[in-house]
Structures are given as structure tokens and as C-alpha cells.
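Student: Fold the following.
(2 chains)
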Amino acid sequence: MSEAIAASGILPSDWMFVFAVIGMVAVTYSLRAGGYWLMGRLSITPRVRRGLEALPGAIIVSTIFPIVLKGGIAVGLCLVVAIAAQVKLKKEYAAVFCAALVAAGLRAVGV
Amino acid sequence: MLEKNVTLSLKGCIQGALLCIPVFPGIIALSAVFGTVAAQKGLTFLETLMINSLVFAGASQFVAMEVYNEPLTWGLLIAMVGVTGAVNMRMLLIGASLRPWLGQVPGYQTYPALFFLTDLNWLLAISEYEKGTRDWGVYLGSGLTVWAVWSLSVIPGYFAGSLITDPKAFGLDVILPAFFAALLVPLWKGKRQTVSWLIAGGVAWLTWIAVGGYWSIFTGAVAGAIAGAYLDE
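Tutor: Have a look, this model is predicted:
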């Protein structure tokens, strides 16, 4: 490392990497803590509370949506299987297992 | 409007840890693939451990590795931090949704615990909360477990990347989205959910078409939450 500094006169790239990680951690932690912090500064009215209650479902739907659009029919079908299994069996691990099984099967036949 | 009877117990932490088990294959595969990508990009083992365990946000790590190039310039560094922020923007929202539950917990406990906030343990915790659980050990225990599994799984991926070149063949890539879809089921109560989820999905879709990437998670979630707030019973 000291040779690199001596040779180039600038920070060696591995220190740059450390700085990049520090930056990524800082921005990610501010987002992790920031929403929680901000809600502590606002008053949680019934309307805000209803909004917060609606968030989990809205986030899941918005998260899954692009995955289905990117993954195509196979991924879409797997998620339908997962939902059906969850409705029927009420066990998350069973739903996940069924979906992975269907995915592996579909890939094996080339869908 | 804050919960008063919030507790933290070892039992809750263990319960949270156990709830993560179904998604272990998904977490392990994703982290191992990250290890392989990092090795291919020329990161050292220590650099890989550092970025993986400290950033601890899967999708954003992958996108940042797309940007990464040797030699790392300040421009690339800013781009890496920028894309990380964009991909993780949704964390503002999931953190906000924990406020009613954790608002009474002292800050010296919640703020360190928020380091371990991921979609996964948040979702597990929030679905337990819906069922009446107020012990936030469920959140903490699942967060620590996901972090530990994520941190360890990168190691085999870094050294033996060729073993898992195609996680898709085993259906490992659908585990996390399938888990999310399954957890959606108990959240559905009736018309309010149907309408706000349709709005969330519609806005996410439009955003995805317009700008692509990960913004759709943020815009869809905000739209769904606003719809939920303004749809009266």
C-alpha cells in the first residue's frame, strides 16, 4: 500500500474501495434509520397510521411487480403457485417450496 | 397512537430467527452469487466481506458492482453510492412503517437495530405484528439471523463460484419473491387492500416502463400507501 502511494502520489485504489463502502453504508443506513426517524417528528394521525398500515402490502406488490415483468411467465406462474399454496396450506415454507419446485420444473423443460 | 405494550425478549428473537428458515436457500444463493460476482470483478476476499456485511442490501450491492471498475475513481465512487441510494430508497418507507410499533422503544436500542433492517425481516416482523405480536425481538432476531447467514454465505460463493453458476435451474431465484407473495396473503383484508394494491401495482408498472430500475418500488409503495390512507372504511 505504501508503495502504491509512493508510486502514484494519490490514494491507492483499495483505499478508494474502503471509501466507496463507507459511502454506501452511510447512505443505506441513513435510509434505514431516516424513515423511522422522520415518522417520530411527524404526528401519527389516524390517516398517517392508515397510510403506514397500507405500506407493507403496497411495498410487496411494487417489489414483486418488476420481478414478474423481468422474469416472464415462469416467474409469474411460480408466484401464483406460492399464493395458492399459502391460501390453502397457510405455511410460508410450503409456499416457498412449491414455488421453487415449479420453477425448477419449468426451467428443466425449458420454459 | 404508539403501541404501549412493546417488549423485547430472547424468546421473541428466537421466534424471529426460526421464521427466517424457509428463505435460507434464497439468502444463501443470492449472497453466494454476490461472492462470485465480487471475485470475478477482482475484489479481494476482505473487500468482499466488507462490502457484503456492512452494506447488507442485496440488490444495491449487485447494482454497485455493475458500476465498479478498477481503478476506482472518485466519479465511480460517487456513482456507486448514488445507485445504492436509489435502489435502497424503499428502506425509508419500511423504516417509517415500524414507527407505530417501535416508537416507545428507547433510541439507543432501535437505532442500532435499524442497521439490520431488510425487506425480509421487516416483512416477517410486520406480519407477526398484524397477528398481534408486540415483542420486537421478532424483528431483531430475524434481522441478526438474516445478517449472519448473508455474511457467511458469501464465502463459498467467493471461493467456489463455479459450483452455483445457475441458481435458476434449482428455482432458487424465485424463493424470495415467492416468500413475499406468500406473506401478502394474510395482509389482505378486503376492498381497501385490493384497491390500494392495484394502485401500487399500476404505478409501479408505469414507473417501470417509464424509467425502469428500482424506482418503481418506491413510487408504487408511496402511491399504495396514500391510497390506503385516503380510502375510508
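
Student: Was I right to think residue B:48 contacts residue B:32?
Tutor: No: with contacts counted by C-beta atoms under 8 Å, residue B:48 stays clear of residue B:32, the gap being 11.4 Å. In short, each C-beta sits where N, CA and C put it, glycine included.

Student: tell me, what's touching these two both at once?
Tutor: Residues touching both residue B:48 and residue B:32 (C-beta atoms under 8 Å, 6 or more residues apart in numbering or on different chains) are residue B:154.

Student: measure the nearest residue to residue B:32 once chain neighbours are set aside to residue B:52 for me?
Tutor: Of all residues not flanking residue B:32 in the chain, residue B:157 sits nearest, at 3.1 Å (C-beta to C-beta, 6 or more residues apart in numbering or on different chains). Look at residue B:157 and residue B:52: by C-beta to C-beta, to the nearest Å, they are 9 Å apart.

Student: list the residues that contact both of these two?
Tutor: Common contacts of residue B:157 and residue B:52 (C-beta under 8 Å, 6+ apart): B:31, B:34-35.

Student: and which of those is nearest to chain A?
Tutor: residue B:34 (13.4 Å; C-beta to the nearest C-beta).

Student: Please report how far that closest one lies from residue B:124.
Tutor: Separation of residue B:34 from residue B:124 (C-beta to C-beta): 21 Å.

Student: same thing with residue B:68?
Tutor: Distance, residue B:68 to residue B:124, using C-beta to C-beta: 31 Å.

Student: go on, residue B:114?
Tutor: 16 Å.

Student: same deal with residue B:180?
Tutor: From residue B:180 over to residue B:124 (counting by C-beta to C-beta), the distance is 11 Å.

Student: Need the pLDDT of residue B:204.
Tutor: On pLDDT, residue B:204 comes in at 92.

Student: swap that for residue A:10, sorry
Tutor: For residue A:10, the pLDDT comes out at 52.

Student: just the one 3 residues further on next, same as before
Tutor: Predicted confidence (pLDDT) at residue A:13: the value is 58.

Student: Reformat the shared contacts of residue B:157 and residue B:52 as JSON lines; add pLDDT.
Tutor: Below are the shared contacts of residue B:157 and residue B:52 laid out as JSON lines (pLDDT from 0 to 100):
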{"residue": "B:31", "pLDDT": "92"}
{"residue": "B:34", "pLDDT": "90"}
{"residue": "B:35", "pLDDT": "92"}
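
Student: any idea which of the residues you listed is the one closest to residue B:150?
Tutor: Set against residue B:150, the nearest of the shared contacts of residue B:157 and residue B:52 by C-beta to C-beta is residue B:31 (4.9 Å).

Student: from memory that closest one sits against residue B:52, does it?
Tutor: Yes: assessed by C-beta under 8 Å, residue B:31 is found in contact with residue B:52 at 6.8 Å.

Student: Mutual contacts of these two, please.
Tutor: Common neighbours of residue B:31 and residue B:52 are listed as B:150-151, B:154 (criterion: C-beta under 8 Å, 6+ apart).

Student: List only those of those residues flagged as buried.
Tutor: The neighbour-count criterion (16 or more other C-beta atoms under 10 Å in any protein chain shown) marks B:150, B:154 among the shared contacts of residue B:31 and residue B:52 as buried.

Student: which ones are touching the residue lying closest to residue A:23 once chain neighbours are set aside?
Tutor: In space, not counting the residues next to it along the chain, residue A:23 is nearest to residue B:81; the distance is 3.8 Å by C-beta to C-beta, 6+ apart. Contact partners of residue B:81, counting by C-beta under 8 Å, 6+ apart, are A:20, A:23-24, A:26-27.

Student: Please spell out the PyMOL selection for the buried subset of these.
Tutor: In PyMOL, this line selects whichever of the contacts of residue B:81 come out buried by 16+ other C-beta under 10 Å:
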select buried, chain A and resi 20+23+24+27
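
Student: among the contacts of residue B:81, which are in helices?
Tutor: Those of those mapping onto helices are A:20, A:23-24, A:26-27, per DSSP state H.

Student: could I get these as CSV with pLDDT and distance to residue A:110?
Tutor: CSV is the format used below for the ones in helices among the contacts of residue B:81 (pLDDT from 0 to 100; distance: C-beta to C-beta, whole Å):
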residue, pLDDT, distance to residue A:110
A:20, 96, 40
A:23, 97, 43
A:24, 97, 38
A:26, 98, 45
A:27, 97, 41
